[in-house]
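K.L.:
Dropping a prediction and its sequence here:
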Amino acid sequence: MFCFKVLFIFVCFIFLHLPLSDSEISRGVPCIKRLNQLYCPSPGQNYPQEKIETFIDENKALIKRMVGDYTNAPVDGEIPESFETYDGKKIHVRSKRASPKNSYTASPNKIDACESSVEIVTPYWASNSAGKLRAVVNTQHLQQAIHQEVCQSTQTKKCASDCTCEQKYKWHRLLAYDPDDDCKGIFMDWFLFPSCCICRCTAPIKAK
């Protein structure tokens, strides 16, 4: 019996000192840490969808003032065929960044030094500017999507030697819900997502 107690205490000690995974830190939210933000392929059982939809239904005038008349806005002049889905997965992916149509930046004689994939994601969960977990409002009738460009490699033929492809980020203001405080209702919050991929080089040493 004494040996069993010692073994039990030892197992408990090891368990309590194991590093928590991202999903455990997020209290069961089905997310992983990706590009300095949570990536959640599904909302999970803890997503407060019913509470969000109830608040929207009871505060239609407030939501309209916050977001206006919601429409499926085109991205890069194109409307993704599957944009109506709201399952949190990537719903439009291109292997490389496309040149904008009718733009002064479009030139057939130029290519990007760094390759990037263009994604549109509809997040269910995200970490805000204070590092707090928030449920991002994404329901059947009120969807929020993020357009982002993700670096495909750290270096390319054009961006090599003392240069590297660096991921840049941008703040987005999204409708959110605090799962720990239902009294807040729906509010605007700030979230950081990937924006573009650029080639950065080591600055030359200036002669003294």
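P.N.:
Here it is on my side, so go on.

K.L.:
confidence score at Ser23?
P.N.:
Model confidence at Ser23, given as pLDDT, is 40.

K.L.:
Going along the chain, name the helices of the protein.
P.N.:
2-16, 22-25, 49-58, 60-67 (DSSP state H).

K.L.:
Can you list the buried residues in the last one?
P.N.:
Going back to what we said before, that points to helix 60-67. For helix 60-67, the neighbour count (16 or more other CB atoms under 10 Å) marks Ile63 as buried. For the C-beta atoms, the positions are set from N, CA and C on the backbone; glycine is no exception.

K.L.:
angle of it against helix 49-58?
P.N.:
Calculated by axes from the mean of the first three to the mean of the last three CA atoms, to 10 degrees, helix 60-67 forms an angle of 100 degrees with helix 49-58.

K.L.:
Would you mind pulling up the elements that helix 60-67 packs against?
P.N.:
Contact analysis of helix 60-67 by 3 or more CB pairs under 8 Å, 6 or more residues apart in numbering; DSSP states H and E lists strand 163-177, strand 186-201 as its packing neighbours.

K.L.:
how about CSV for the ones you listed, with mean neighbour count added?
P.N.:
Listed next are the helices and strands packed on helix 60-67 as CSV, based on neighbours: other CB atoms under 10 Å:
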stretch, mean neighbour count
strand 163-177, 17
strand 186-201, 17
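
K.L.:
how about Gly44, what does it touch?
P.N.:
Residues in contact with Gly44 (CB atoms under 8 Å, 6 or more residues apart in numbering) are Gly28, Val29, Pro30, Cys31, Tyr124, Trp125.

K.L.:
what pLDDT does the closest residue to Lys51 other than its chain neighbours get?
P.N.:
Nearest non-adjacent residue to Lys51, counting by CB to CB, 6 or more residues apart in numbering: Asp182, 6.2 Å away. We have a pLDDT of 90 for Asp182.

K.L.:
Neighbours of Asp182, how many?
P.N.:
Burial of Asp182 is recorded as 12 neighbouring residues (other CB atoms under 10 Å).

K.L.:
One more: Val150?
P.N.:
Neighbours around Val150, by other CB under 10 Å: 19.

K.L.:
So it sits against Asn36, correct?
P.N.:
No: counting by CB atoms under 8 Å, Val150 does not reach Asn36; the two are 11.5 Å apart.

K.L.:
got any residues that touch both of those two?
P.N.:
Pro194.

K.L.:
where are the low-confidence patches of the chain?
P.N.:
By pLDDT under 70, the weakly predicted segments of the chain are 1-27, 69-107, 207-208.

K.L.:
can you do 80?
P.N.:
The chain contains residues with pLDDT under 80 at 1-28, 41, 67-109, 141, 205-208.

K.L.:
What is the neighbour count of the residue nearest to Gln152 when sequence neighbours are not counted?
P.N.:
Leaving aside its chain neighbours, Gln152 sits nearest to Glu115 (4.5 Å; criterion: CB to CB, 6+ apart). Look at Glu115: counted by other CB under 10 Å, it has 19 neighbours.

K.L.:
Then the one 3 residues further on?
P.N.:
Burial of Val118 is recorded as 19 neighbouring residues (other CB under 10 Å).

K.L.:
swap in Tyr47?
P.N.:
Tyr47 is flanked by 22 other residues according to other CB under 10 Å.

K.L.:
All set, thanks.
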